[in-house]
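Peer 1: coords below, sequence missing:
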Ligand code: SF4
């Protein structure tokens with residue numbers, strides 16, 4: 001299994017709109033972590049690998 005990506009590699013940053021770790025398929029809310037990015041992950045942050053949960057508001061194409 002490949003190593004996780006660093007936060008720097010994926011531009012981990014505070015979320016500004018509806019795209020956030022809290023509605024990303026890779027987020028693990030129980031662990032406060034992510035299947036793709038290493039370290040502690042918070043639901044109000046986001047990164048370049050964000051992938052919307054099905055039915056999420058974050059899937060709207062006008063959001064970024
Ligand atoms: S937005 Fe990035 S850091 Fe956040 S849960 Fe998704 S893949 Fe992980």
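Peer 2: Ah, there it is. A quick note: this is a predicted structure, and the numbers were derived from the prediction, not measured.
Peer 1: around the ligand, which positions in this structure sit nearby?
Peer 2: Residues of the chain lying near the ligand by CB under 6 Å from any ligand atom: 10, 12, 21, 24, 26-27, 34, 36-37, 41, 46-47, 49-50. Placement of C-beta: from N, CA and C, glycine included.
Peer 1: columns neighbour count, secondary structure and distance to residue 2 on top of those, output as TSV?
Peer 2: Converted to TSV, the residues of the chain next to the ligand look like this (neighbours: other CB atoms under 10 Å; DSSP: H, G, I helix; E, B strand; the rest coil; distance: CB to CB, whole Å):
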residue	neighbour count	secondary structure	distance to residue 2
10	18	coil	14
12	21	coil	18
21	23	helix	20
24	25	strand	18
26	17	coil	14
27	23	strand	18
34	25	strand	14
36	18	coil	10
37	22	strand	12
41	24	coil	17
46	26	strand	22
47	22	coil	16
49	17	coil	13
50	20	coil	19
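Peer 1: take these and lay them out in a markdown table including pLDDT.
Peer 2: Shown next, in a markdown table, are the residues of the chain next to the ligand (pLDDT from 0 to 100):
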| residue | pLDDT |
| --- | --- |
| 10 | 98 |
| 12 | 98 |
| 21 | 98 |
| 24 | 97 |
| 26 | 98 |
| 27 | 98 |
| 34 | 98 |
| 36 | 98 |
| 37 | 98 |
| 41 | 98 |
| 46 | 98 |
| 47 | 98 |
| 49 | 97 |
| 50 | 97 |
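Peer 1: centre-most residue in this protein?
Peer 2: Nearest to the mean C-alpha position of the chain, by CA atoms, centre = their mean, lies residue 21 at 3.3 Å.
Peer 1: could you measure that one against residue 43, distance?
Peer 2: Noted for residue 21: a distance of 5 Å to residue 43, by CB to CB, to the nearest Å.
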